[in-house]
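Enquirer: requesting a structural model of the entry that follows:
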Amino acid sequence: MRLHDGRVAVITGAAGGIGREHALEFARHGAKVVVNDVGPAQAVVDEIVAAGGEAVANTDDISDWDGAKRLVDTALDTFGDLHVLVNNAGILRDKMFVNMDIDMWDAVIRVHLRGTFAPTKHAVAYWREKHKAGDPVSHPRVVNTSSPSGLYGNPGQSNYGAAKAAIASFTVILADELSRMGITVNAIAPSALTQMTQGLETYVARLKEIEETTGFDAGSPANISPLVVWLASGEAAEITGRVFNVKGGTISVAETWMAGPGVEQEARWAADELGSVIPDLVAKARPNSDGSGKPRA
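Expert: Here you go, the predicted structure:
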């Protein structure tokens, strides 16, 4: 069953890796796709068209306010509507924090965080105007891209992890704000082998072992896209404000921060009292997660 016949989807960062697989999967499900990337987006468009689909390339910088507007306008001018925005574009500037410079920080924050905000702002403005005019878009959807680094932490990625954690929070908050217009906002925290995971030798070796044993390419970025396509469909109308871990054939719901063990008194705490309080609370609390989302040993 095709989930997106007649729908229009914008995918950012779609020239390669996970974004390319998103674009191809949406096209397989009948969507008209805007393939955005500062890289060779036309090659993906040609692939979609050769398979009988409809697509158009857009090479605007999504972290630029006017560029993000042109991206949304590309969908409207070419296909007459917009139903789905998948914020996927990203870069890496990995470095241990003591060696990180301001340009590394700013570049990653700009592409990931501003590059999620700007296209979303323009897409939501279009959907809001249609809603106010009494002609709402059918099943408007935003799917953002967080990361295990943002949810659980990863040394050497303080810039990337901070941006991805912010995107997860942005997803939760925006879902609450936009629900009255029928707009759902979800996110994925994907793990797959792409140019952005080069250098993770242990991770790569484990995936190769799985493939040799089972024949399943657990590291393929194509494994990520079916969840995104479903979250962007009409079937997912009741799912919003959620972040999903996805890698290989595994999908799980990432649970947000929760208040753990605590103490309360009807007076202000004195700093010198807390030495007998805080260590006990931490000892009772769930440990921070490792990179897979499981409690650290």
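Enquirer: what's the pLDDT at residue 195?
Expert: The score at residue 195 is 53. That number is its pLDDT.
Enquirer: go on, residue 262?
Expert: For residue 262, the pLDDT comes out at 98.
Enquirer: which residues touch it?
Expert: When contacts are counted by Cβ atoms under 8 Å, 6 or more residues apart in numbering, residue 262 touches residue 281. Quick note: C-beta positions are derived from backbone N, CA and C, even for glycine.
Enquirer: mind listing the helices for the stretch 151-297 of the chain?
Expert: For the stretch 151-297 of the chain, helices defined by DSSP state H, counting those that start in this stretch occupy the ranges 158-178, 201-214, 225-231, 278-284.
Enquirer: which SS class is residue 33?
Expert: Recorded secondary structure, residue 33: strand (DSSP: H, G, I helix; E, B strand; the rest coil).
Enquirer: phi first, then psi, for the residue nearest to it when sequence neighbours are not counted.
Expert: Nearest residue to residue 33, sequence neighbours excluded (Cβ to Cβ, 6 or more residues apart in numbering): residue 55, at 4.3 Å. In terms of degrees, to the nearest 10, the main-chain angles of residue 55 are phi -160, psi 160.
Enquirer: OK, contacts around residue 55?
Expert: Contact analysis of residue 55 by Cβ under 8 Å, 6+ apart lists 23, 27, 32, 33, 34, 35, 44, 45, 48, 49.
Enquirer: from these, list the buried ones, please.
Expert: Using 16 or more other Cβ atoms under 10 Å as the burial test, the contacts of residue 55 include 23, 27, 32, 33, 34, 35, 44, 45, 48 as buried.
Enquirer: pick out the most distant pair among the residues you listed.
Expert: Pairwise distances across the buried ones among the contacts of residue 55 peak at 13.5 Å for 32 and 44 (criterion: Cβ to Cβ).
Enquirer: can you show me the strands along this structure?
Expert: Taking DSSP state E, the strands of the chain run over residues 8-11, 32-36, 54-58, 84-86, 141-145, 184-191, 243-247, 250-254.
Enquirer: partners of the fifth one, with directions?
Expert: Here strand 141-145 is paired, per DSSP bridges, with strand 84-86 (parallel), strand 184-191 (parallel).
Enquirer: mind putting the contacts of residue 55 into JSON lines with distance to residue 60 and pLDDT?
Expert: Converted to JSON lines, the contacts of residue 55 look like this (distance: Cβ to Cβ, whole Å; pLDDT from 0 to 100):
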{"residue": "23", "distance to residue 60": "16", "pLDDT": "98"}
{"residue": "27", "distance to residue 60": "20", "pLDDT": "98"}
{"residue": "32", "distance to residue 60": "18", "pLDDT": "98"}
{"residue": "33", "distance to residue 60": "15", "pLDDT": "99"}
{"residue": "34", "distance to residue 60": "10", "pLDDT": "99"}
{"residue": "35", "distance to residue 60": "12", "pLDDT": "98"}
{"residue": "44", "distance to residue 60": "15", "pLDDT": "98"}
{"residue": "45", "distance to residue 60": "15", "pLDDT": "98"}
{"residue": "48", "distance to residue 60": "19", "pLDDT": "98"}
{"residue": "49", "distance to residue 60": "20", "pLDDT": "98"}
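Enquirer: so which of the residues you listed would you say is closest to residue 273?
Expert: Set against residue 273, the nearest of the contacts of residue 55 by Cβ to Cβ is residue 23 (57.4 Å).
Enquirer: residues in contact with residue 237?
Expert: So residue 237 contacts 139, 182, 184 (Cβ under 8 Å, 6+ apart).
Enquirer: look up how far residue 146 lies from residue 249.
Expert: 20 Å (Cβ to Cβ, to the nearest Å).
Enquirer: who's more crowded, the two?
Expert: Set residue 249 next to residue 146 and count neighbours by other Cβ atoms under 10 Å: residue 146 wins out with 27 against 10.
Enquirer: surely the more buried one is in contact with residue 163?
Expert: No - Residue 146 is beyond contact range of residue 163, at 9.1 Å (criterion: Cβ atoms under 8 Å).
Enquirer: in contact with residue 9, which residues?
Expert: Counting by Cβ under 8 Å, 6+ apart, residue 9 makes contact with 26, 31, 32, 33, 34, 83, 84, 85, 86, 232.
Enquirer: just give me the neighbour total for residue 159.
Expert: If you count neighbours by other Cβ under 10 Å, residue 159 ends up with 23.
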